[in-house]
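K.L.:
give me a 3D structure for the following:
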Amino acid sequence: MVRKLFLGCMLMLFCMPLSVLAETLNTAVVFEANQTLLPENFLVYTNGTDVINHSLKGFAEKTLPTNNDYKDKPGCYIACYSHNKATSVYGVGKDIYVQGQVRVPGQYSERICIPNGYERKDISKETAFNRLCSAKIRACSGIQCWAGGDTGGWFGIEQ
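P.N.:
Prediction:
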């Protein structure tokens, strides 16, 4: 009985259009991301222009400060950005640098963290998140930082 059920499930996967299968897998990845806490000293790897979450030849290991004061579920991470290269972990282009990240109540919509209550707002313009970055990320203390939600890539969210 179990074997027939397993084979039936496998057959269903093979018969599914690839777009449906990809969407199903991405939904599972997003769900898992909303449940997961990253390490407080999250290791990332950069070559100066790109950043990834695994070691690769030509990429330098860096520690991305990660605040996990919010531990409930679901949650997601906002990135804290500034124009200060000296205290940054990596650059994202056009004189913008990541200083750290903070877990907040919310969830990923595709690869973007959407904090609860900010579903249709640009969080980079919200002073509450700018203050959160200053309070939780040491490199943002005393400089102007702002928040953004594009952190789903750490979990393998593609879109």
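K.L.:
output the below-cut-off pLDDT ranges for this structure.
P.N.:
1-26, 159 (pLDDT under 70).
K.L.:
counting neighbours, what do you get for Tyr45?
P.N.:
Tyr45 has 18 neighbours, counted by other Cβ atoms under 10 Å. Where C-beta positions appear, they are placed from N, C-alpha and C, glycine not excepted.
K.L.:
contacting residues for the nearest residue to it once chain neighbours are set aside?
P.N.:
The spatially closest residue to Tyr45, leaving aside those adjacent along the chain, is Phe59, at 3.7 Å (Cβ to Cβ, 6 or more residues apart in numbering). Contacts here follow Cβ atoms under 8 Å, 6 or more residues apart in numbering; on that basis Phe59 touches 45-47, 50, 52.
K.L.:
same check, this time on Lys94
P.N.:
Contacts of Lys94 by Cβ under 8 Å, 6+ apart: none found.
K.L.:
swap in Pro105?
P.N.:
70, 72, 74-75, 115-116.
K.L.:
now which of the contacts of Phe59 would you call buried?
P.N.:
45-46 (16 or more other Cβ atoms under 10 Å).
K.L.:
let me know the closest of the contacts of Phe59 to Gly91.
P.N.:
Gly91 lies nearest to Thr46 out of the contacts of Phe59, by Cβ to Cβ, at 8.2 Å.
K.L.:
and the helices in the chain?
P.N.:
2-15, 18-35, 127-136 (DSSP state H).
K.L.:
can you pull the buried residues of the shortest one?
P.N.:
By 16+ other Cβ under 10 Å, the buried positions in helix 127-136 come out as 129-130, 132-134, 136.
K.L.:
if anything else comes up later, I'll come back, but that's it for now.
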